[in-house]
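Asker: task: produce atomic coordinates for the following.
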Amino acid sequence: MRPFFFALPLGALLDLLLGDPRWTLPHPVVLMGRAIAFLEKIFRRLLPKTPGGELAGGALLALCLPLGSWGISFLLLWALGMIHPILAFLTESFMCYQILAGRSLWDESMLVYKELRKGDLEGARRMVGRIVGRDTQALSAEGVTRAAVETVAENTGDGVIAPLFFLMLGGAPLGFFYKAVNTMDSMVGYKNDRYLYFGRIPARLDDVMNFLPARLAGALMVLSAFLLPGYRGKNAFSIWRRDKRNHKSPNSAQTEAAAAGALGVELAGSAYYFGKLVEKPTIGDALRPTQPEDIPRVGKLMFCTSFCCLLLCLGGRLILWGGIL
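Answerer: Now for the predicted structure:
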């Protein structure tokens, strides 16, 4: 049995235990962010400042960064494997850990929860502002809670389930390929004056790569709502089927809909971004108000969904090895 079979669960365990500690060495996502900023500057300087030129620059970025991330990680693991397989195994386990973000999602959302429990609304607004893109300075306590719940639900897909999916298919190199695509989208995938053209292809690539994992994440979150006591499994399935397309992104509402149904709350809806009101449909039914306790509850739902996906991915690796690989 190939060592990677054990590297994936070990990496997931490290993420669960350690989260995102402040290493002296920069996180790979930080390095990717620096690379994106550098390449964007180069491509904008070399290419015409026209819609076509910006599209070409975005296409080059979408080609260079993911392939570079894949190539560097592949060559590193190959070189270490030539020295000793255990070195490659330990390094790949650490890479898997770096690619996953489940514990950091829990930690950041729980900072919001703790401020709400203390009754410090300003502190809660500051904490939730670290993990959401919307304006937070005028949010009510319920608005802060809803924003935190939405973020955990949405990022279960691209922060945990999609990485597990690509780690299962191609190990750490493909995991880093995906992480590069996702990081590009978070940095340049905006429909504003600066990135309307430059960020279009990176954003579309992110949509394509998340298409299957997002739907897997939604289905597994519904399953988790049936498995966990105190969650509304039938409602999760109903709302997921009804509202999984209630988002401008083709993927984001999959897990938000499942989480909203599982908790019995209403998520999404219109919000302010950079001082401008953005109209968005709601997801779920407001069977009750959103409460601070929903933050740890959606976190537990995320962990159960992640565990189910890990088991599925390990089973997938066994099937692939026994068949075509």
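
Asker: could you point out which element follows the longest helix seen in the chain?
Answerer: In the chain, assigned by DSSP state H, the helix with the most residues is helix 51-83. For helix 51-83, the succeeding helix or strand toward the C-terminus, using DSSP states H and E, is helix 85-99.

Asker: please save the CA atoms from the helix or strand just after that next one in CSV.
Answerer: Remark: after helix 85-99, the chain's next helix or strand is helix 102-118, criterion DSSP H and E. C-alpha atoms of helix 102-118 as CSV (Å, rounded to 0.1, in the frame of the first residue of the first chain):
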residue,chain,number,x,y,z
GLY,A,102,-10.9,23.0,8.9
ARG,A,103,-9.3,23.8,12.3
SER,A,104,-8.5,27.4,11.4
LEU,A,105,-12.2,27.9,10.3
TRP,A,106,-13.2,26.6,13.7
ASP,A,107,-10.7,28.7,15.6
GLU,A,108,-11.6,31.9,13.8
SER,A,109,-15.3,31.5,14.1
MET,A,110,-15.0,30.6,17.8
LEU,A,111,-13.3,33.9,18.4
VAL,A,112,-16.5,35.6,17.1
TYR,A,113,-18.5,33.3,19.4
LYS,A,114,-16.5,34.2,22.5
GLU,A,115,-17.0,37.9,21.9
LEU,A,116,-20.7,37.4,21.4
ARG,A,117,-20.9,35.4,24.6
LYS,A,118,-19.2,38.2,26.5
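
Asker: buried ones in the helix or strand following helix 102-118?
Answerer: As assigned by DSSP H and E, the chain's next helix or strand after helix 102-118 is helix 121-129. Of the residues in helix 121-129, those buried by neighbour count under the rule 16 or more other CB atoms under 10 Å are 123, 124, 125, 126, 127, 128, 129. Using the backbone N, CA and C atoms, a C-beta is placed for each residue, glycine as well.

Asker: ok, now stretch 48-65?
Answerer: Quick answer for stretch 48-65 (16+ other CB under 10 Å): 53, 54, 55, 56, 57, 58, 59, 60, 61, 62, 64, 65.

Asker: I'd like to know which elements the host helix or strand of residue 255 is packed against.
Answerer: Secondary structure assignment for residue 255, by DSSP H and E: helix 253-263. The contact analysis (3 or more CB pairs under 8 Å, 6 or more residues apart in numbering; DSSP states H and E) places helix 253-263 against helix 141-156, helix 200-227, helix 233-243, strand 267-268, strand 282-283, helix 294-322.

Asker: circling back: kindly indicate which of the buried residues of helix 121-129 lies nearest residue 249.
Answerer: Nearest to residue 249, judged by CB to CB, of the buried residues of helix 121-129 is residue 128 at 20.1 Å.

Asker: distance of that closest one relative to residue 136?
Answerer: Here residue 128 is placed at a distance of 6 Å from residue 136 (CB to CB, to the nearest Å).

Asker: check residue 170 too.
Answerer: 37 Å.

Asker: ok, those two, which is more surrounded?
Answerer: Using other CB atoms under 10 Å as the criterion, residue 170 and residue 136 rank with residue 136 on top: 20 against 16.

Asker: my read is that that one contacts residue 147, right?
Answerer: Yes - Residue 136 is within contact range of residue 147, at 7.0 Å (criterion: CB atoms under 8 Å).

Asker: please enumerate the shared neighbours of those two.
Answerer: residue 128 (CB atoms under 8 Å, 6 or more residues apart in numbering).

Asker: so what's residue 282 closest to, chain neighbours aside?
Answerer: residue 269 (4.4 Å; CB to CB, 6 or more residues apart in numbering).

Asker: so how far is residue 92 from that neighbour?
Answerer: Residue 269 is 42 Å from residue 92, by CB to CB.

Asker: who has more neighbours, these two?
Answerer: More neighbours surround residue 92 than the other of residue 269 and residue 92, with 27 against 15 (other CB under 10 Å).

Asker: ok, now which ones touch the nearest residue to that one once chain neighbours are set aside?
Answerer: The shortest distance from residue 92 to any non-neighbouring residue, by CB to CB, 6+ apart, is to residue 7 (4.3 Å). Applying CB under 8 Å, 6+ apart, we find residue 7 in contact with 89, 92, 93, 96, 171, 172.

Asker: save these as JSON lines, and put in pLDDT and distance to residue 262 too.
Answerer: As requested, the contacts of residue 7 are exported to JSON lines (pLDDT from 0 to 100; distance: CB to CB, whole Å):
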{"residue": "89", "pLDDT": "94", "distance to residue 262": "37"}
{"residue": "92", "pLDDT": "95", "distance to residue 262": "33"}
{"residue": "93", "pLDDT": "96", "distance to residue 262": "31"}
{"residue": "96", "pLDDT": "95", "distance to residue 262": "27"}
{"residue": "171", "pLDDT": "92", "distance to residue 262": "32"}
{"residue": "172", "pLDDT": "95", "distance to residue 262": "31"}
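
Asker: buried subset of the residues you listed, written for PyMOL?
Answerer: To isolate the buried subset of the contacts of residue 7 in PyMOL, counting by 16+ other CB under 10 Å, use the following:
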select buried, resi 89+92+93+96+171+172
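
Asker: all set now, cheers.
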